[in-house]
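*Asks:* What follows is a protein structure lacking sequence information:
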Ligand SMILES: CSC[C@@H](O)[C@@H](O)C(=O)COP(=O)(O)O
């Protein structure tokens, strides 16, 4: 199967692979309005922390490209408004805010240029954020690979793969690299209720890449671990607090507790833009709550009594005590996380 491309910038249009249609259809959609980019993020046509960040950067450029080129104050006001607006699409992945802030800072740095020039530079910045993501992921994959061995079984949750990023993914990157080396890694993919990113996306991308992937439902993870089928668990993340507490797809907390119980290392694959030193602990991470329909009505069929009360948090927070290492593009961070995450940024 031809390589699918999560995000493309082509002819002044943002082209997104509609992830809500996978695995049944591979459909690309073009976006030319900031409101439609907002909807694409909220409806999860594009999802996964790094992909959301890259999309938001292009979205902000789309949002300001039609602004008048006479009045700088009006331009900067519009930039701030559009940035704030895009920031309301999904609250948990810090990459969204990181990318928007980077774009805004770029514009401020260039405030003495003409508005036309600032617009051009903002598009260049979005393209740079996009390109950097690919390089970051490859390095995360290389670092994760040093923790794995040929023949291992590895469990993963949700989708932190090529579809969640621009290429390779974060948590799934080592599986692609292991394949290039001819290693046999057996991946167990949690289905990941309620949106099924593990089944529809992780299984889809690994299966088509020829990686040995076995799909399980979320409630099978304990069984798989108890049977000694996996020697590591690797997941992605949406935001890491300064003390190492990590928000990722709902269900990751359960995986972490199981891994601890069975003495299986849990590795968090983390691009540095996902590390949020401004949030001291996991308690400060905003957790997105999504529509009840995601758990009461699947594939257009009611699967729960109409009107029943629901609780549908999209993410949970894994306490740092349950994490063996945080694997970034700059290196592997071991506990104490608070101290060592700070050092990672001091290296710059
Ligand atoms: C490299 S993607 C990391 C995370 O964003 C991923 O693990 C995840 O939780 C995605 O959640 P989603 O709700 O599908 O956007």
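*Replies:* On my side now, so go ahead. From a predicted model like this one, the values you see are computed outputs, not experimental measurements.

*Asks:* So which residues on the stretch 151-300 of the chain come close to the ligand?
*Replies:* By C-beta under 6 Å from any ligand atom, the residues of the stretch 151-300 of the chain that approach the ligand are 158, 160, 164-165, 169-170, 197, 236-238, 248-249. For the C-beta atoms, the positions are set from N, CA and C on the backbone; glycine is no exception.

*Asks:* tell me which residues of stretch 61-79 are tucked away?
*Replies:* 61-64, 67, 75-76, 78-79 (16 or more other C-beta atoms under 10 Å).

*Asks:* Pick out the residue of the stretch 151-300 of the chain closest to the ligand.
*Replies:* Closest contact between the stretch 151-300 of the chain and the ligand, by C-beta to the nearest ligand atom, is at residue 236 (2.8 Å).

*Asks:* shouldn't that residue be in contact with residue 164?
*Replies:* Yes: when contacts are counted by C-beta atoms under 8 Å, residue 236 is listed as touching residue 164 (6.6 Å).

*Asks:* residue with max distance from the center of the protein?
*Replies:* Going by C-alpha atoms, centre = their mean, the residue of the chain most distant from its centre is residue 70, 37.7 Å out.

*Asks:* A strand includes that residue, no?
*Replies:* No: secondary structure assignment places residue 70 outside any strand; it is coil (DSSP: H, G, I helix; E, B strand; the rest coil).

*Asks:* Contacts only, for the closest residue to it other than its chain neighbours.
*Replies:* Of all residues not flanking residue 70 in the chain, residue 115 sits nearest, at 7.7 Å (C-beta to C-beta, 6 or more residues apart in numbering). Neighbouring residues of residue 115 by C-beta atoms under 8 Å, 6 or more residues apart in numbering: 67-70, 72, 75.

*Asks:* would TSV of those with distance to the ligand be doable?
*Replies:* Output for the contacts of residue 115, formatted as TSV (distance: C-beta to the nearest ligand atom, whole Å):
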residue	distance to the ligand
67	30
68	35
69	36
70	39
72	36
75	31
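
*Asks:* TSV for those, including distance to residue 144?
*Replies:* Converted to TSV, the contacts of residue 115 look like this (distance: C-beta to C-beta, whole Å):
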residue	distance to residue 144
67	42
68	48
69	46
70	50
72	45
75	42
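
*Asks:* Which stretches in the stretch 101-250 of the chain count as strands?
*Replies:* 153-156, 186-190, 212-216, 232-235, 239-241, 246-249 (DSSP state E, counting those that start in this stretch).

*Asks:* Let me see the mean pLDDT of the fourth one.
*Replies:* To tie it back to what came earlier, the one meant is strand 232-235. What strand 232-235 shows for mean pLDDT is 98.

*Asks:* Show me which positions of it end up buried.
*Replies:* 232-235.

*Asks:* now, among these, which is nearest to residue 119?
*Replies:* Proximity of those to residue 119 (C-beta to C-beta) peaks at residue 235, which lies at 37.9 Å.

*Asks:* Contact partners for that closest one?
*Replies:* 156-158, 160, 171, 248-249, 252, 255, 266-269.

*Asks:* same thing with residue 318?
*Replies:* 245-248, 252-253, 256, 266, 268, 282.

*Asks:* Let's see which of those end up in helices.
*Replies:* Among the contacts of residue 318, the members falling in helices (DSSP state H) are 252-253, 256.

*Asks:* Helices of the stretch 1-150 of the chain, residue ranges please.
*Replies:* Secondary structure of the stretch 1-150 of the chain, counting by DSSP state H, counting those that start in this stretch: helices at 34-42, 49-64, 72-86, 94-109, 115-145.

*Asks:* which one of these is the most hemmed in?
*Replies:* Mean neighbours per residue, mean count of other C-beta atoms under 10 Å, is largest over those for helix 49-64, with a mean of 27.

*Asks:* Tell me if that helix is near the ligand.
*Replies:* Yes: applying C-beta under 6 Å from any ligand atom, one finds helix 49-64 in contact with the ligand at 49-50.

*Asks:* Tell me how far that helix lies from the chain's centre.
*Replies:* 13 Å (C-alpha atoms, centre = their mean, to the nearest Å).

*Asks:* about what we covered before: which of the contacts of residue 235 sit farthest apart?
*Replies:* 249 and 267 (15.4 Å).

*Asks:* which of these two has more neighbours?
*Replies:* residue 249 (27 against 23; other C-beta atoms under 10 Å).

*Asks:* how about low-confidence regions in this protein?
*Replies:* 1, 348 (pLDDT under 70).

*Asks:* out of residue 236 and residue 164, which sits in the busier spot?
*Replies:* Neighbour totals were compared for residue 236 and residue 164, and residue 236 leads with 31 against 28 (other C-beta under 10 Å).

*Asks:* That one: what's it in contact with?
*Replies:* Applying C-beta under 8 Å, 6+ apart to residue 236 gives the contacts 48-49, 158-160, 164, 169-171, 248-249, 268-270.

*Asks:* So for it, what's the nearest residue that isn't a sequence neighbour?
*Replies:* residue 160 (2.5 Å).

*Asks:* What separation is there between the one you found and residue 171?
*Replies:* 4 Å (C-beta to C-beta, to the nearest Å).
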